[in-house]
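[1] Mind looking at a prediction? Sequence and model below.
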Amino acid sequence: MRTYTLLPLTAALVLVACSPLTPVHHKTYQLTILHTNDHHGRFWQNSNGEYGMAARKTVIDQIRQEVAAQGGYTLLLDGGDVNTGVPESDMQDAVPDFKGMNLLGYDAMAVGNHEFDKPISVLEMQRKLANFPMLSANIYRGEQRMFAPYKMFNLDGLRVAVLGLTTEDTQRMVSPENVQGIEFRKPQAEAAALVPELRTKADVVIAATHMGHYENGNHGTQAEGDVELARAVKGLDMIVGGHTQNPACMKAENVLDRAYVPGTPCQPDRQNGTWIVQAHEWGKYVGRADFTYRDGVFTLVKYQLIPINLKRSVTGADGKPQLQTYTAPIAENTDMLALLKPYQEHGQALLSQPVGSADARIEGDRSVVRNQPAALGVLIARSMMEKTGADLAIVNSGGVRDSLPAGQLTYRHVLTVHPFGNTIGVARLSGQELLDYLHAAVRMSPGSGAFPQFAGVELVIEAGKVQSARIAGKALDLQASYQLAINNFMAQGGDGYPKLQQHPSYRDTGFVDADVLRAYIQKHSPLKAADYAPGNAVVRR
């Protein structure tokens, strides 16, 4: 049973009559914090039967029942970014996702940067739809906070405050018109002002944040994240985070376990007395932190990341590869399936609707795109530049799976071109760094999926090396800086590309390549195939 401080008057009188307003002396309270983050539209399981809200509900319901049977209490929190990820959700403004969160019984969520991907009217609709508060102390309209800064919970006398914070980078990560008149102030400053106040009102103070978990606080050119917050602001018992979309499991002090295996033990980060957790992304895990509270002492008893039907490839009895769950399979909750199935079916139907047209075939066949500059490679790279504001873009040809036909184009055509759901990343590179990256790109062998497609740059290549490069009509300046857009597969070192994901300036925008291409087609239709002819932009001698 969960009880809250914000109750109708009659309910409040009953609560006062039967429950203390502050913790009982010498009583041990059991509190379990469940958490997720960076859902990004994944309300339905993927094609391999992984994650999805229906299986998530089965797990959460079981944990709540277990904790309640032991006399404990649970809170379910989210680290933000419900929006943007798969078309079935995006085309329905994440309505199924927020309704699913209501049925899951979320208690609060942090506001993420992707909550601003669409016009404010959509965000306001989502706020009204949610049966739980969207929290952020550092987002302002004028001198007024746009969201509630925190929420108080009274769990039979144990007072828990949940403070919301959002990365200040949101201002530069979303369309300017969506945040016009909105200010994203420094989260640390807001927390420093509010946490002392909350410590007078609450026994446990938790921050639900969308700021990112950076190993040892090494945030590079990104805004400061959870580690830096915990080090700067004393008094936070726990940070439930999001934004960087990694399991915050530590191999050693200040050393992230980058090879974390689902289902194995996870040691959360701890900084300045504050526990820091993050549950990867997409509902792949439900994080579970079991605490006790007794006479002012808040103790972590156990922490785990529970994989939601995540699978690995194993060799079957017939010698062929097959998928197997890391842990015992989780059944899908029938109530959640009944709620979400109509949205999934409607989303599938929307995929057949027109998104634009082309006056002629836009070439992207494998035999062409893996061997020479191709029109579809140029179009895709331009769509990435337009979405991110990058100076240039590079696309591995293995990420281009088909041509766009002449005539009417549907979203299914787009997904045939981009079936992998890669996201777009950007990095701010010096001229020398960019030249080094271009050298690596042009060395990729023709005929391979690594073969590069370009936009925004003119190249002359001799003997496998860049002899000259021009960006926006000007020679590449080794002392200047440029923003490069690539997909996350390349950023991770896919196809042998340099691992830009490790560059201090790299950030994953979260924008899915198929959605970016669809939006570009909608905006520029009817597409003129001749506009994307590669011409002599890339010359090999």
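    Structure received.
[2] Quick check: nearest residue in space to residue 387, chain neighbours excluded?
    Of all residues beyond its chain neighbours, the one nearest residue 387 is residue 516 (4.7 Å), with distances taken as C-beta to C-beta, 6 or more residues apart in numbering. Just so you know, the C-beta spots here come from the backbone N, C-alpha and C atoms, and that holds for glycine as well.
[3] Name the SS class of the one you found, please.
    Using DSSP: H, G, I helix; E, B strand; the rest coil, the structure places residue 516 in helix.
[4] likewise residue 22?
    coil.
[5] Residue 434 too?
    Residue 434 is classified as helix under three-state DSSP.
[6] What about the residue nearest to it when sequence neighbours are not counted, how many residues nearby?
    Counting by C-beta to C-beta, 6+ apart, residue 434 lies nearest to residue 482, which is 5.1 Å off, once chain neighbours are set aside. When neighbours are defined as other C-beta atoms under 10 Å, residue 482 has 22 of them.
[7] distance of residue 482 from residue 232?
    32 Å (C-beta to C-beta, to the nearest Å).
[8] coming back round to it: residues contacting the residue nearest to residue 387?
    The contact partners of residue 516, by C-beta atoms under 8 Å, 6 or more residues apart in numbering, come to 383-384, 387, 424.
[9] What are the buried residues along stretch 137-146?
    137-140, 145-146 (16 or more other C-beta atoms under 10 Å).
[10] Okay, and which of those residues map to strands?
    Cross-referencing the buried residues of stretch 137-146 against strands under DSSP state E gives 139-140, 145.
[11] Can you convert those into TSV and add a column each for pLDDT and distance to residue 522?
    As requested, these are exported to TSV (pLDDT from 0 to 100; distance: C-beta to C-beta, whole Å):
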residue	pLDDT	distance to residue 522
139	98	29
140	98	33
145	98	35
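[12] Tell me the one of those nearest residue 314?
    Nearest to residue 314 out of those is residue 139 (C-beta to C-beta; 45.7 Å).
[13] Tell me how far the closest one lies from residue 275.
    Residue 139 is 25 Å from residue 275, where distance means C-beta to C-beta.
[14] and residue 454, that one's in a strand?
    Yes: counting by three-state DSSP, residue 454 is found in a strand.
[15] list the contacts for it?
    373, 377-378, 381, 392-395, 537-538.
[16] Tell me the bridge partners for it.
    Counting by DSSP bridges, residue 454 is bridged to residue 394.
[17] Distance of it relative to residue 441?
    8 Å.
[18] Overlap of the contact sets of the two?
    With C-beta under 8 Å, 6+ apart, residue 454 and residue 441 have common neighbours residue 394.
[19] Low-confidence ranges, this structure, go.
    Within the chain, the segments meeting pLDDT under 70 span 1-19.
[20] Domains of it: list them as residue ranges, please.
    27-346, 354-540 (automatic domain parsing).
[21] can you give me the end-to-end distance of the longest one?
    Translated: domain 27-346. Using C-alpha to C-alpha, to the nearest Å, the end-to-end distance of domain 27-346 comes to 51 Å.
[22] got it, and the shortest one?
    From its first residue to its last, domain 354-540 covers 38 Å (C-alpha to C-alpha).
[23] and what of stretch 351-369?
    End-to-end for stretch 351-369, by C-alpha to C-alpha: 25 Å.
[24] wait, residue 375 sits on residue 535?
    No: applying C-beta atoms under 8 Å as the test, residue 375 and residue 535 come out as separate, 10.0 Å apart.
[25] neighbour-wise, which of those two wins?
    Neighbour count, other C-beta under 10 Å: between residue 375 and residue 535, residue 375 has more, with 25 against 11.
[26] Just give the number of residues close to the nearest residue to that one once chain neighbours are set aside.
    With C-beta to C-beta, 6+ apart as the criterion, residue 375 has its nearest non-adjacent residue at 4.1 Å, and that residue is residue 532. Look at residue 532: counted by other C-beta under 10 Å, it has 22 neighbours.
[27] Next, residue 532: phi, psi?
    Dihedral pair for residue 532: phi -110, psi 10, per degrees, to the nearest 10.
[28] could you measure it against residue 433, distance?
    Per C-beta to C-beta, residue 532 is found 28 Å from residue 433.
[29] Next: residue 534.
    Counting by C-beta to C-beta, the gap from residue 534 to residue 433 is 25 Å.
[30] Make sure residue 292 is indeed in a strand.
    Yes: the assignment for residue 292 is a strand, going by three-state DSSP.
[31] was I right about it contacting residue 30?
    Yes: proximity of residue 292 to residue 30 meets the contact threshold set by C-beta under 8 Å, at 5.9 Å.
[32] Please say which of these two ends up with more neighbours.
    residue 30 (18 against 14).
[33] elements contacting the one helix or strand residue 68 maps to?
    Here residue 68 sits within helix 53-69, counting by DSSP states H and E. With contacts taken as 3 or more C-beta pairs under 8 Å, 6 or more residues apart in numbering; DSSP states H and E, helix 53-69 sits against strand 29-36, strand 73-78, helix 95-104, strand 285-294, helix 334-350.
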